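> Sequence below, structure please.
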Amino acid sequence: MNLAIGLLITAMLLLLRRLSQRLKISKPPIRTAITAAIAIPLLVHTGQLQYVASQSLTAKNLATAITFLWTISCIKLVSWAVLEVTADLGWWRPTAKILRDLIDLGIITAITLVIAQRDYNINLVGIAATSAVLTAIVGLAAQETLKNLFAGLSLQLESPFHEGDWIDLGNTRGVVSSLQLMTTRIRTMEGALVVVPNSRIAAEGVLRFTAGEKVGQIIEVGLDYGFPPRQAIELMESVVSQHKLVLSTPPPEIMVHSYAESAVSYEIRIYQASAPEMEELRSDLLEQIWYALQRIGQSIPYPVRVDRTTPAPVLLPSNAMDDVVIEDAIKSIDLFQNLNHIEIKELARSARCETFAPGELLIRQGETGKGLFIVIQGELLVNQTMHSGVKKFLGTLHEKDVFGEMSLCTGASHSADIRCTVESVIVTIEKEDLLPIMKIKPQLIEHMGSLMAQRQNKNKHETNDNSRLDLIKVMKQFFGIPCDLS
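Presented below is the predicted three-dimensional model:
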């Protein structure tokens, strides 16, 4: 074979690689074949030189090298075509890489033995079989290597996991990058590539989570003995159900697990879409449960062995919020412009100022109205689910923004989901907070109803006094104020 043919073969191999990329099948092993296509013409040319031709041993070595290069190239290409391409085309199940490597190794070894016997009259099998000492030395030296080899073979045959699966080995967790002959490579959450001997995986076992499969986890939470279990479970259910990563099917489960030394231990059993979300979801839920407990005056109990005369102060932004800030926020709302200074102070005193965790769902679309909300600090996203099921982003709420006026005045259901993106301080004014003022100043309903009807008409680009009267009538019924009072 001359150099022109070698270059032609090289071009065909490169074309074959490009074709495999276009067809989205396994790439052909062309590196060895290209090396052979270029090296063999050079070896043939070298063998034709007068000096080399006169040296029989050198000529034999060149002939052996040519044979060996062609053999390896053909074996790798045939193995690729038979074992990989056919599997990519769906003709049969894919063959494990380690088995393909062992098949290639076995065939190449056999051909090497035949070439050594034919060209050099060397019986390598006989030498290895008759040397018991050599066999013992090699066996002892390669003990760990053989353990990894057979463990890798076992993993490939049983296929407990595949590339792309999430596995947990105890100290090592991550996505399987590749399963090699001797080792398994895992890409961890930190981005590091960890090389694990196959013998360790075979001996210790592995937790596997297949990509795309639902993954469950159990989160343990200890709460105070003074917190009734039914109330504790309902609180955690409200936190868990509103998290966007928690799947509704299978439904979350929360139950009392045990009575510990200083707390009642609860188990939260949830499912998420994939394993990489486990740590994020666990962190979010524990954070949001803490905030929910603080809002109702509960806390995570300290261990009994800790001698603490007074509990550590909770440094929530809402706890440190000055009353003047809340009063100013209420004054800025046009619905309450007719309230005097004393009424503003009373309303601010009865309203709740609470801190919400990042990711918490403050309002769920379709739920019964909870009242009016004022953003003191933080940021919230507003999303509405349309009748088609598509979620529509409506906007972002920031400091001094107000929402829920209609829910406060009529008890109407909320029309959108509102979720915190950062730690947020929210003032909540409910019907019970406003009712004492309404009974003293029923004319306030006229003012609030007129403002809200004016907004509704503006949104509809119309003027309709009947809508104002109807809204005022609904508000009076909602607050229990006789319609003849005004």
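> Work out which residue lies at the spatial centre of this structure.
Centroid-nearest residue in the chain, with Cα atoms, centre = their mean: Glu277, separated by 3.0 Å.
> Next one: that residue from Asp88, what distance?
In this structure, Glu277 and Asp88 are 31 Å apart, going by Cβ to Cβ, to the nearest Å. (Glycine included, C-beta is placed from N, CA and C.)
> Next, Arg208: phi, psi?
Arg208 adopts backbone torsions of phi -120, psi 140, taken as degrees, to the nearest 10.
> That one bridge partners, please.
Ile167 (DSSP bridges).
> Tally up the residues packed near it, please.
Neighbours of Arg208 under the rule other Cβ atoms under 10 Å: 15.
> Identify the residues contacting it.
For Arg208, the residues meeting the contact criterion (Cβ atoms under 8 Å, 6 or more residues apart in numbering) are 160-161, 165-167.
> just the buried members of those residues?
Among the contacts of Arg208, those buried by neighbour count (16 or more other Cβ atoms under 10 Å) are 161, 165-167.
> need the contact list for Ile219.
267-268, 270, 282, 285-286.
> about what we covered before: nearest spatial neighbour of the residue nearest to the centre of the chain, chain-adjacent residues omitted?
In this structure, Glu277 finds its nearest non-sequential neighbour in Leu245, 5.5 Å apart by Cβ to Cβ, 6 or more residues apart in numbering.
> Quick check: can you name the pairing partners of the helix or strand harbouring Ser177 and their directions?
Using DSSP states H and E, Ser177 maps to strand 173-179. Under the criterion DSSP bridges, strand 173-179 sits next to strand 166-168 (antiparallel), strand 183-188 (antiparallel) in its sheet.
> list the helices and strands the helix or strand where Leu15 lies packs on?
In the assignment (DSSP H and E), Leu15 maps to helix 3-23. Packing contacts for helix 3-23, counted by 3 or more Cβ pairs under 8 Å, 6 or more residues apart in numbering; DSSP states H and E, involve helix 30-47.
> wait, Asp88 sits on Lys27?
No. Contact criterion Cβ atoms under 8 Å: Asp88 and Lys27 do not qualify, at 10.6 Å.
> quick one on the thing from earlier: among the contacts of Ile219, name the buried ones.
Counted by 16+ other Cβ under 10 Å, the contacts of Ile219 give 268, 270, 282, 285-286 as buried.
> so which pair among the residues you listed is furthest apart in space?
Pairwise distances across the buried ones among the contacts of Ile219 peak at 12.1 Å for Ile270 and Leu286 (criterion: Cβ to Cβ).
> Could you report the neighbour count for the closest residue to Arg352 other than its chain neighbours?
Distance criterion Cβ to Cβ, 6+ apart; nearest residue to Arg352, sequence neighbours excluded, is Thr428 at 4.6 Å. Thr428 has 17 neighbouring residues, counting by other Cβ under 10 Å.
> Phe479 too?
Applying the criterion other Cβ under 10 Å, we find 18 residues in the vicinity of Phe479.
> Now it: closest residue in space, sequence neighbours ignored.
Nearest residue to Phe479 in three dimensions, chain neighbours excluded: Met438, at 5.0 Å (Cβ to Cβ, 6+ apart).
> Export the strands paired with strand 173-179 to JSON lines and append columns for distance to Glu213 and mean pLDDT.
Compiled in JSON lines, those are given as follows (distance: least, Cβ to Cβ, whole Å; pLDDT from 0 to 100):
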{"stretch": "strand 166-168", "distance to Glu213": "9", "mean pLDDT": "84"}
{"stretch": "strand 183-188", "distance to Glu213": "18", "mean pLDDT": "86"}
